[in-house]
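Chemist: prediction below, plus the sequence it came from.
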Amino acid sequence: MKYIGVAAYSGEVKDIHKEKIRVLIDTLSKECDVEDAILLLGGYWGLMKYIVDYSISKGFKVVLFPPLEREDVKFPSRCIVIRSGSSYRIRSNMLVRSSDILIAAGGGGGTINEIVIAYLEGKNVYVLKNMGLPSDKMELLGNYLDNRRTSVIKYYDRPEELAREVCLDISPL
């Protein structure tokens, strides 16, 4: 199994977000082995909810790591929900450390935090740009956050290109 972490916005979802996510998930479902890929997200609200619902409709298995404050949300029955009793930041650590790679599908401070955690943990990060969200600013930092170069952060305008690169990264050699 390959575990694909997805960091995404918890706020209001706009049409541009939905369109880019549809293209991203559609391409992942065509290019990756859906039976061998599990998507991991931090909750079921905002853009995360849209990603979860659309991913399930495309046959993906989904695991959720909601924070303690949101463990009472009604989750889809087809999701595995890890109710760890953890705060937002601790659950982000669990999500990223459980992932083989991380897709940042646009978001705020939580998404940026998850990008940094993934980089520091040596997991490649794929950032979807031009979402009109604070995570767009990550590109200013480049592909490496420091001289250790523990992993690479790549930036994509086109969600289909991002998805193809993710599938290549997680495919067996």
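Modeler: Thanks, I have the structure now.

Chemist: and Glu165, how far is that from Ser77?
Modeler: 32 Å (C-beta to C-beta, to the nearest Å). Just so you know, the C-beta spots here come from the backbone N, C-alpha and C atoms, and that holds for glycine as well.

Chemist: likewise Leu141?
Modeler: Using C-beta to C-beta, we find Leu141 at a distance of 39 Å from Ser77.

Chemist: low-confidence regions, this protein specifically.
Modeler: For the chain, applying pLDDT under 70 flags the ranges 173.

Chemist: ok, which stretches of it are helices?
Modeler: With DSSP state H applied, the chain shows helices at 15-31, 46-57, 88-97, 109-120, 159-170, listed in chain order.

Chemist: now do the longest one: distance to the chain's middle.
Modeler: Once both centres are worked out by C-alpha atoms, centre = their mean, to the nearest Å, helix 15-31 turns out to sit 12 Å from its chain's centre.

Chemist: cool, and the shortest one?
Modeler: Relative to the chain's own centre, helix 88-97 is displaced by 12 Å; criterion: C-alpha atoms, centre = their mean.
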